[in-house]
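*Asks:* the sequence isn't on hand, but the structure is:
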């Protein structure tokens, strides 16, 4: 059975979303804070509880593992995957642009 595309109350109950929690200033918090459109505080708490490392490829785990291990729905997972691809695409784009520039200037040789 596939995981739901929406967040049902039973999934939200996996990690309480009430009350103030101590803010942990680490790489996960900085990453989540910089990407609040994709990673709201309740998702940040679930990712922290599951031991998520920012910069890791979300597609390395199955949607079922994301749901059971982190309480992350397919919809939230799609947002995390989009965020990952945006972060990875920029350095690759810059590398390709620099390589093309060097090839045009004849300062780069392919061995």
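*Replies:* The structure has been received and is ready for your questions. Fair warning: this is a prediction, and the values are worked out from it, not measured in the lab.
*Asks:* so which strand or helix has residue 78?
*Replies:* Residue 78 is part of helix 74-104 when elements are defined by DSSP states H and E.
*Asks:* so for that helix, mean pLDDT?
*Replies:* Averaging pLDDT along helix 74-104 yields 78.
*Asks:* can you count the residues close to residue 44?
*Replies:* Neighbour count for residue 44, taken as other Cβ atoms under 10 Å: 21. Where you see a C-beta, it was placed from the backbone N, CA and C, and this is true even at glycine.
*Asks:* that one against residue 30, yeah?
*Replies:* No: here residue 44 does not reach residue 30: they are 10.6 Å apart, not a contact under Cβ atoms under 8 Å.
*Asks:* and the helices in the chain?
*Replies:* For the chain, applying DSSP state H gives helices covering 9-12, 27-34, 41-50, 63-70, 74-104.
*Asks:* how much space between residue 46 and residue 80?
*Replies:* As judged by Cβ to Cβ, to the nearest Å, residue 46 and residue 80 stand 11 Å apart.
*Asks:* do the same with residue 62
*Replies:* Per Cβ to Cβ, residue 62 is found 14 Å from residue 80.
*Asks:* the two: which has the busier surroundings?
*Replies:* Using other Cβ under 10 Å, the more surrounded residue of residue 62 and residue 80 is residue 80, with 22 against 12.
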